[in-house]
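[1] Using only what follows, build the 3D model:
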Amino acid sequence: MSSVGSEKCAIPHEAALDIERVLIPEEEILRRVRELSSQIESDYAESKNKLVLLGILKGSVVFMAELMKHIRIPVEIDFMKVSSYGGGTTSSGNVEIKLDIRRRDIEESDILIVEDIIDSGRTLSYLVEYLKLRGAASVRTVTLLDKPSRRTVDFVPDYTGFTVPDEFVVGYGLDFDEKYRALPFIGVLKPEFYEK
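    Sure thing, here's the model as predicted:
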């Protein structure tokens, strides 16, 4: 797991004008994703179950796509869409499943939940228990970013890309109001764009 600080670098993207600073540059993300892929590959290499990467829409898509490119054992993918946000920037505490996983082979599947960021931990904690109750052979979690300072439940992801400070981060799949997902780095959004 890596910790990050602030870095200055050129930002070749129009939406980047809204970014206060780059927190994690693209090259560092790609290096860490390759490390995570290698660790996951090693951990699941001997399993007789299917490895299913379960992306949590929409934020995990960029991270999951990069992650699966570097895992050299067979993987399948699936998606769920859940919400624990009632609008704005704070969590409601309630988890609503908007798109559920539908697999007939879940009992023969090692589910690896892929998330973009964990803050309160409520959503992932809920999903892990939910998938275990559904009969998954195993359930683990991988997150690109972890913000443990915001944790409200006792939850630790199995694989973490970077530990980040309590700042509003966007890019590499993370958004605010559906903007900034396409930025190739993780950046801190200027407060004037979300404090309205």
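[2] contacts and neighbour counts: CA atoms only from here.
    Noted.
[3] Could you look up the SS state of Pro74?
    coil (DSSP: H, G, I helix; E, B strand; the rest coil).
[4] give me the element Val128 is part of.
    If you go by DSSP states H and E, Val128 is part of helix 122-133.
[5] Okay, buried residues for that helix please.
    122-125, 127-128, 131 (16 or more other CA atoms under 10 Å).
[6] and it, what's its mean pLDDT?
    The average pLDDT for helix 122-133 rounds to 96.
[7] ok, then the element right after that helix?
    Assigned by DSSP H and E, the successor of helix 122-133 is strand 138-146.
[8] Each with direction, which strands does that following strand pair with?
    Paired neighbours of strand 138-146 in the sheet (DSSP bridges): strand 109-118 (parallel), strand 159-163 (parallel).
[9] Val139 against Glu107, yeah?
    No: taking CA atoms under 8 Å as the definition, Val139 is not a contact partner of Glu107, at 10.9 Å.
[10] quick one: contacts for the residue nearest to Ser138 when sequence neighbours are not counted?
    Leaving out its chain neighbours, the residue that sits closest to Ser138 by CA to CA, 6 or more residues apart in numbering is Asp110, at 4.7 Å. By CA atoms under 8 Å, 6 or more residues apart in numbering, the contact set of Asp110 is 49-52, 136-139.
[11] ok, and the most crowded of these?
    When the contacts of Asp110 are compared by neighbour count (other CA atoms under 10 Å), Leu51 ends up highest, at 23 neighbours.
[12] SS state for it?
    Taking three-state DSSP, the label given to Leu51 is strand.
[13] Show residues contacting stretch 126-135.
    By CA under 8 Å, 6+ apart, the list of residues contacting stretch 126-135 reads 95, 106-107, 138-140.
[14] ok, back up a step: mind putting the strands paired with strand 138-146 into TSV with mean pLDDT and distance to Ser42?
    Below are the strands paired with strand 138-146 laid out as TSV (pLDDT from 0 to 100; distance: least, CA to CA, whole Å):
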stretch	mean pLDDT	distance to Ser42
strand 109-118	98	14
strand 159-163	98	13
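[15] what's the most buried one of these?
    strand 109-118 (a mean of 24; mean count of other CA atoms under 10 Å).
[16] in the chain, which helix has the most residues?
    When the chain is scanned for its longest helix (criterion: DSSP state H), the result is helix 26-44.
[17] That one versus strand 138-146: what angle between them?
    In terms of direction (axes from the mean of the first three to the mean of the last three CA atoms, to 10 degrees), helix 26-44 departs from strand 138-146 by 170 degrees.
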